[in-house]
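S.K.: Show me how the following folds:
(one chain, ligands or ions: 1)
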Amino acid sequence: MPLFLLPNRLLPLPSSPLITCHASPAALRSSPSSPPPTLPILLDSTTSVPSLSCALQCPHFQSCSGCSHELNLHRPIIVDEADHFFKTLGVSDFDFESCRLWGWRSRAKLAVRGSSMKPLIGLYEEGTHNVVDIPHCKAHHPNINAAVELLRQGITKLNIEPFDEDEGTGELRYVQMALTTYNTSIPASGRYKNGKVQVSLVWNSRNENSHNFEKLNALANFLWRNGGPRSDLRFIHSVWANFQTSTNNIIFGNRWRHLLGESGFWEHVGGIDMSLAPSSFGQANTRAFDILLRKLQKYVPYGASVTDLYAGAGAIGLSLAATRKCRRDPGWFKTSVKCVEVNKESKLSFEKTVERLPNHVDSSISWHHADASDILLEKGLDASLLDALRNISSLERKAKSSPESSDSKVKDEKRPWVLRSLKDSVQIGSKPTLEDSGSLPQTLIYISCGWESFKEDCMTLLSSKKWRLQKAHGFNFFPGTQSIEVLAVFKRGQAASLKKKKSGKKKKRLGRKHPLI
Ligand SMILES: C[S@@+](CC[C@H](N)C(=O)[O-])C[C@H]1O[C@@H](n2cnc3c(N)ncnc32)[C@H](O)[C@@H]1O
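M.R.: You can find the predicted model right below:
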C-alpha cells in the first residue's frame, strides 16, 4: 500500500500538504505547431471578450487532432460545468485563469513521416496513424514552428528518410521541440518572445555506432548552422539525439546523446530556476504553469512539510521549498519537501535544480524513485492512494493514543531533522506505521488536467468523510481543447455544517451547504 509517508512528525507544523499532479494521456499529447498572427495575449478571468477575438483561426483545425474547439479559447465550455460542480460542493467562488491563448505551447512531440522530398511533421489525424503536417499551428510558440520549418529543410537537403511505421524503416522517427525562455541578458518582458528551442531528434537506430550516425550529425549541424547562435535567426538552443528502434508506440528510447549547443536547459518557473533534461517530463504550457504555481504557494503555509506525488523533476515541490521558506532562526521550524516519481530520468534534473536554489532555502529536500501507488489506474488518483488517504484517519486515532504523539516527545525531537537520514524517514512502498503517522497531512492539494477523473476522485475523497473541499481554481493550460487544469484544496475533516448535522440537535437549523458530502 501507500507510499507517501508524511513527513516530519517531529515538528509542530501548521499543516502538511500533500500534492498530486497527474495528467491524463490526452492532455499530455502534444498539439499542433506555428506563429499566431498576433502573439501573446494575456487575459484574465475578469476580462470579458467577444468570442471571435478568441477564435483559434488555425488552417489545420479539423485535420489535426491537437485542438477540438475553435471559438472562445479563453473559456472552454467545460468551465461552466466545473463552476456548477464546485458550487454543488459548497465552493461558490471557483475561478478560471484564461492565460495565453495562442503560441502557448512550449513543448511539442511531433511525428516525422512522409518522404525526404515531402516530409510530414506533426500529429496523427484523429483515430489514425496518418500524420498531418501542421506548419502553421496556432498553439505552438512561433519559434517551435520556425524550428520545425528548419528541420523540414534539413530533411530534404540531406536526404533524411522519415520513419515508415509499417516497415520499421527510415531514420528520423519523432522530434521533440522544447522552448526555454531562460535568458537573463534580455529584459523579462522580451524573454518569452525570444525563447530558444531545444531539438531532440529520435533516430531509428540502437546507438551512435550505427551506420547512419553521420547523417544524424549532418542534420544536427544543419540546424545549428542555420538556427544556432551564429546564424541570423538564433532560435536553436541545442540539439540532442535519442535512439529508439522499438516497434511499439513509445516515442523515446533509453539512450540519449547531447550533440550541439548548451547541454543544460533551464526555465524560470514558480520562482525558481528549473533544470529539465529532454528525457524528463516538462509542462507544455510553462506560462500557465507559472500562474498555477503562484496560486498554489498561497495555500502552503510557512513551515509546512510537503510530499509532492507524481513529482517529475520536482517543479512543484521545489518551487514550494524556495518560496515557502521558513524562519531561519528556530532550527526546528523548517520546511521539508519530498518528491515521489516513477521515472528515474527525472532525478538528475531535480538534483541540478536543487543546486541552484537560493542560499536561504534550508529545507530538507529529497527525491524518491518510486511508484506513487501499487495500483495505477489509467487516470486520476490511484485507488490505493485514495484508500490510503481515507485510512489516515484510523492511523491518526491510533497515533493519538501512542506515546509518539505526546507533547513531551514532540519537544524532545525539535532538533533539526536535516541531521537525520532522509531515506530512513520515508518508507516508500510500505505500509505506514504508527511511527510514520505522527504527522498526518492536513491538506491535500490535487492538481489535475483530467476533469472526469478529477470529479471521480473528488467525490471519492469527500464521500470518505475524511476530507472537505475548501477551494478550487481552474487554469487554461490547453486552449483549443476542453481540457482544463484544476487545483483543488482539500482539508482534513468534515465541514462544520456536517459535524453539527451529525450531532442531531441542530439538524433543522442547518442549510445543506455540502449536499454531496
Ligand atoms: C503530469 S506529470 C507531472 C510532473 C510534475 N508534477 C510537474 O508538474 O512538472 C506526471 C508525472 O507522474 C509520473 N508518474 C506516473 N505514474 C506514476 C506513479 N505511479 N508513481 C510515481 N510517479 C508517477 C510521470 O512519470 C510524470 O513525471
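S.K.: how far away is the nearest residue to Val306 once chain neighbours are set aside from the ligand?
M.R.: Distances taken as C-beta to C-beta, 6 or more residues apart in numbering place Val337 nearest to Val306, at 4.8 Å, with adjacent residues excluded. Heads up, the C-betas are built off the backbone N, CA and C, glycines and all. Applying C-beta to the nearest ligand atom, to the nearest Å, the value for Val337 to the ligand is 12 Å.
S.K.: With Ser189 instead?
M.R.: From Ser189 to the ligand the distance is 25 Å (C-beta to the nearest ligand atom).
S.K.: you'd agree that residue is in a strand?
M.R.: No: Ser189 is assigned helix when assessed by DSSP: H, G, I helix; E, B strand; the rest coil, not a strand.
S.K.: quick one on the thing from earlier: which secondary structure elements does the helix or strand where the residue nearest to Val306 lies contact?
M.R.: Assigning secondary structure by DSSP states H and E places Val337 in strand 336-341. Counting contacts by 3 or more C-beta pairs under 8 Å, 6 or more residues apart in numbering; DSSP states H and E, strand 336-341 is packed against strand 305-309, helix 315-323, helix 346-355, strand 364-369.
S.K.: Surely the residue nearest to Val306 touches Ser366?
M.R.: Yes: counting by C-beta atoms under 8 Å, Ser366 is a contact partner of Val337 at 7.5 Å.
S.K.: Those two: which is more packed in?
M.R.: Val337 (28 against 19; other C-beta atoms under 10 Å).
S.K.: so what's the more buried one up against?
M.R.: 305-308, 314, 317-318, 320-321, 363-366 (C-beta atoms under 8 Å, 6 or more residues apart in numbering).
S.K.: Provide the backbone phi and psi angles at Trp104.
M.R.: Backbone torsions of Trp104, given as degrees, to the nearest 10, read phi -90, psi -20.
S.K.: That one and the ligand, how far apart?
M.R.: Distance from Trp104 to the ligand, counting by C-beta to the nearest ligand atom: 16 Å.
S.K.: Over to Pro142?
M.R.: 24 Å.
S.K.: Over to Val91?
M.R.: From Val91 to the ligand the distance is 23 Å (C-beta to the nearest ligand atom).
S.K.: So for that residue, what's the pLDDT?
M.R.: If you check Val91, the pLDDT there is 98.
S.K.: Is it in a helix, a strand, or coil?
M.R.: coil.
S.K.: Quick check, it in contact with His473.
M.R.: No: here Val91 does not reach His473: they are 9.8 Å apart, not a contact under C-beta under 8 Å.
S.K.: Which neighbours do those two have in common?
M.R.: Common neighbours of Val91 and His473 (C-beta under 8 Å, 6+ apart) do not exist.
S.K.: Please say which of those two ends up with more neighbours.
M.R.: His473 (25 against 18).
S.K.: Bridge partners for that one, pull those for me.
M.R.: Per DSSP bridges, the residues bridged to His473 are Asp95, Leu487.
S.K.: Relative to the ligand, which of the contacts of Val337 is nearest.
M.R.: Lowest distance from the ligand to the contacts of Val337 (C-beta to the nearest ligand atom) belongs to Asp308, with 6.6 Å.
S.K.: Now that closest one: closest residue in space that isn't a chain neighbour?
M.R.: Using C-beta to C-beta, 6+ apart, the closest residue to Asp308 is Gly317 (3.4 Å).
S.K.: Please identify the buried residues of stretch 310-329?
M.R.: 310-326 (16 or more other C-beta atoms under 10 Å).
S.K.: Then stretch 264-272?
M.R.: Those would be 265-272, for stretch 264-272 by 16+ other C-beta under 10 Å.
S.K.: That one spans what distance, first to last residue?
M.R.: From the first residue to the last, stretch 264-272 extends over 15 Å; the measure is C-alpha to C-alpha, to the nearest Å.
S.K.: Could you measure from Asp457 over to Ser448?
M.R.: 8 Å (C-beta to C-beta, to the nearest Å).
S.K.: what's the answer for Glu345, then?
M.R.: 23 Å.
S.K.: okay, those two: which has more neighbours?
M.R.: Between Glu345 and Ser448, counting by other C-beta under 10 Å, Ser448 is the more crowded of the two (26 against 18).
S.K.: Verify the contact between that one and Val486 for me.
M.R.: Yes: contact criterion C-beta under 8 Å: Ser448 and Val486 qualify, at 5.1 Å.
S.K.: Common neighbours of these two, please.
M.R.: Common neighbours of Ser448 and Val486 (C-beta under 8 Å, 6+ apart) are Phe454.
S.K.: related to what we said a few turns ago, contacts with the ligand among the buried residues of stretch 310-329, please.
M.R.: 310-312, 315-316 (C-beta under 6 Å from any ligand atom).
S.K.: which non-adjacent residue is nearest the closest residue to the ligand within the stretch 201-350 of the chain?
M.R.: For the stretch 201-350 of the chain, the residue closest to the ligand is Gly312, as judged by C-beta to the nearest ligand atom, at 2.9 Å. Take Gly312 and drop its neighbours on the chain: the residue closest to it by C-beta to C-beta, 6+ apart is Phe281, 4.1 Å away.
S.K.: Throw the ones next to the ligand among the buried residues of stretch 310-329 into a markdown table and include pLDDT and distance to Pro162, thanks.
M.R.: Putting these into a markdown table (pLDDT from 0 to 100; distance: C-beta to C-beta, whole Å) gives the following:
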| residue | pLDDT | distance to Pro162 |
| --- | --- | --- |
| Tyr310 | 88 | 34 |
| Ala311 | 93 | 35 |
| Gly312 | 94 | 30 |
| Ala315 | 96 | 33 |
| Ile316 | 96 | 37 |
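S.K.: residues in contact with Asp93?
M.R.: Lys471.
S.K.: re earlier: including distance to Leu172, could the helices and strands packed on strand 336-341 go into TSV?
M.R.: Shown next, in TSV, are these (distance: least, C-beta to C-beta, whole Å):
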stretch	distance to Leu172
strand 305-309	35
helix 315-323	30
helix 346-355	25
strand 364-369	31
